[in-house]
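Enquirer: Here you go, sequence then predicted model.
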There are 2 protein chains.
Amino acid sequence: VDSPEAIEALERAGHPFHTWLKIDCGYHRAGVEPTAPAALELARRLAASPTLVFDGLLTHSGHAYHGRNPDEIRTVAEAERRAVAEFRTRLAAEGIAVAASVGSTPAMAVVTSLEGVQEARPGNYAFYDADQVALGSCSLADCAVTVLASVVSAPPGARHAVVDAGALALSKDAGHPGPDQAMGRIYDDYERGTLRTDARLGPLSQEHGIVSAPLPVGTRVRILPNHSCLTVACFDEYHVVDGDRVVDRWKIWRGR
Amino acid sequence: VDSPEAIEALERAGHPFHTWLKIDCGYHRAGVEPTAPAALELARRLAASPTLVFDGLLTHSGHAYHGRNPDEIRTVAEAERRAVAEFRTRLAAEGIAVAASVGSTPAMAVVTSLEGVQEARPGNYAFYDADQVALGSCSLADCAVTVLASVVSAPPGARHAVVDAGALALSKDAGHPGPDQAMGRIYDDYERGTLRTDARLGPLSQEHGIVSAPLPVGTRVRILPNHSCLTVACFDEYHVVDGDRVVDRWKIWRGR
């Protein structure tokens, strides 16, 4: 929560919700500025709530995704840490003891100190993806989720092929901007962590993807998605593989 | 299918699949050119298949989405009809009797003749969406699926609000290009079919959407998506409403 209205709405529900005060650490999407009087008022309000449990201070450095190099992202990560850690210390001096939680995958990949912070939430870290490689959060070898697709059409004379994976399999995240921008990348060898340089995924239709090379019909391709979070939300289960062997299936708890 | 390889793969499976020959009517994504010798060869191959059932000729005018006005789209629709209807007549003269199937929502919205065609597949027609309004396929009053969201944050001093519907609720279709481009539109009055002109959906994060006006926390907004097909695939069920009353729930058979 970051407003009296949201606190009141939760209180009206009459349930002892575990509640976090959202702090703005520079992303400017949501949250209260931690040095503003409103932040202290809301924290006191939560601490004194007859129904809610005040668990902590939560922030998200979404602007780390706009960092152009590790130094810029590290500056964001440190500002994020300071925003909640210092406010947490001020609250402690008033006898309000709560946790501080930070997190974005790019920031957590380069952060040097988490002093005064009790929780980090780098959500994309579980799988990583092409965007995180572009941001420098990880290497290609760290990426742990791919989409397997088949070439279903390669019209004679055309310079492309069509695979049976479109926006309903990969989501429609346009990916990290740059000369290398694509809707998905195709592995040359997943185990070695190498991508094909001659073929990538171009425009995505709903059910189909266009590959920028005339691969033969029947070719199976393993695709690295731009944004693994949105991609896995397209599926009902993971196929857990060891090499080419499916060793397990895990249900994906998606759905709204 | 549009290749010998795909036909052979289906035959190897040994099942009497009902099979359609994909025809390219100008979209140039997949399919065979109906006047090319390869088209006739594939049709004969399917008709003579020992296992497959040759049901018909299928095409898709995806390029109708690039039409700038109803006349341009109508020209695409007529070329689409002709591509399959004429080829179907040629096959009939050889004793190969199959159906012809066309379809894209923009083309079917303006088509004047379906002579020689047995099936039309305007898939988006079930709900329509903001893109189809922009293309002229329908009016705003025809749009039949919306996403209900709540304003969860409206930071003091900010000129935006945050709703609890992001890319996981709306998909991430950038929408029809133009000065009015947005990630979603907010109804002023759904029953009257009017949109708010002061607020629309700006960038979408994974779980959050940014509204371009500081609506109060707790405000409920009804959002018209850009692309209803991708949007409904984010949900497990429809809430069927009559005015403000939920009168039924329908399971959405999504999933891969």
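Expert: Yep, it's here.

Enquirer: okay, CA-based contacts and neighbour counts for the rest of this
Expert: Fine.

Enquirer: Okay, helices next: where are they in the stretch 1-150 of chain A?
Expert: Here the stretch 1-150 of chain A has its helices, by DSSP state H, counting those that start in this stretch, at A:4-12, A:37-47, A:70-93, A:105-110, A:130-135.

Enquirer: out of those, which comes closest to residue B:18?
Expert: Of all the helices of the stretch 1-150 of chain A, it is helix A:130-135 that lies closest to residue B:18, at 38.3 Å by C-alpha to C-alpha.

Enquirer: Do any residues in that closest one lie close to chain B?
Expert: No. Between helix A:130-135 and chain B, judged by C-alpha under 8 Å from any C-alpha of the partner chain, nothing touches; the nearest distance is 14.1 Å.

Enquirer: Let me see the contact set for residue A:246.
Expert: A:239-240 (C-alpha atoms under 8 Å, 6 or more residues apart in numbering or on different chains).

Enquirer: Can I take it that it is in a strand?
Expert: Yes. Assigned with DSSP: H, G, I helix; E, B strand; the rest coil, residue A:246 falls within a strand.

Enquirer: Beta-bridge partners for it, please?
Expert: Judged by DSSP bridges, the bridge partners of residue A:246 are residue A:241.

Enquirer: Tell me how far it lies from residue B:31.
Expert: The gap separating residue A:246 from residue B:31 is 33 Å, by C-alpha to C-alpha, to the nearest Å.

Enquirer: Next up, the contacts around residue A:14.
Expert: residue A:51.

Enquirer: Listing partners with orientation, what would you give for the longest strand along chain A?
Expert: Longest strand in chain A, counting residues (DSSP state E): strand A:194-204. Its sheet considered, strand A:194-204 pairs with strand A:184-189 (antiparallel), strand A:209-211 (antiparallel) by DSSP bridges.

Enquirer: Can you pull the residues of the stretch 1-150 of chain A lying near chain B?
Expert: A:1-3, A:5-6, A:29-32.

Enquirer: Narrow those to just the buried residues.
Expert: The neighbour count (16 or more other C-alpha atoms under 10 Å in any protein chain shown) marks A:1-3, A:6, A:29-32 as buried among these.

Enquirer: any chance of those in TSV, with pLDDT too?
Expert: Converted to TSV, those look like this (pLDDT from 0 to 100):
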residue	pLDDT
A:1	98
A:2	97
A:3	97
A:6	97
A:29	95
A:30	96
A:31	97
A:32	97
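
Enquirer: Pick out the most distant pair among these.
Expert: Among these, A:6 and A:29 lie farthest apart (C-alpha to C-alpha), at 16.1 Å.

Enquirer: re the thing from before, same list, the strands paired with strand A:194-204, but as a markdown table with distance to residue B:179, mean neighbour count and mean pLDDT please.
Expert: Converted to a markdown table, those look like this (distance: least, C-alpha to C-alpha, whole Å; neighbours: other C-alpha atoms under 10 Å in any protein chain shown; pLDDT from 0 to 100):
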| stretch | distance to residue B:179 | mean neighbour count | mean pLDDT |
| --- | --- | --- | --- |
| strand A:184-189 | 28 | 22 | 96 |
| strand A:209-211 | 28 | 26 | 98 |
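
Enquirer: Around residue A:177, how many other residues sit close by?
Expert: Residue A:177 has 10 neighbours, counted by other C-alpha atoms under 10 Å in any protein chain shown.

Enquirer: Quick check on it: phi, psi?
Expert: Phi and psi for residue A:177, reported as degrees, to the nearest 10, are phi -70, psi 150.

Enquirer: Low-confidence regions, the stretch 151-256 of chain A specifically.
Expert: Residue ranges of the stretch 151-256 of chain A with pLDDT under 70: A:255-256.

Enquirer: So residue A:169 is in contact with residue A:231, correct?
Expert: Yes. Using C-alpha atoms under 8 Å, residue A:169 is in contact with residue A:231, at 6.5 Å.

Enquirer: and residue A:40, how many residues sit next to it?
Expert: Residue A:40, neighbours per other C-alpha under 10 Å, totals 17.

Enquirer: residues of stretch A:207-224 that come out buried?
Expert: Buried, per 16+ other C-alpha under 10 Å, within stretch A:207-224: A:208-218, A:221-224.
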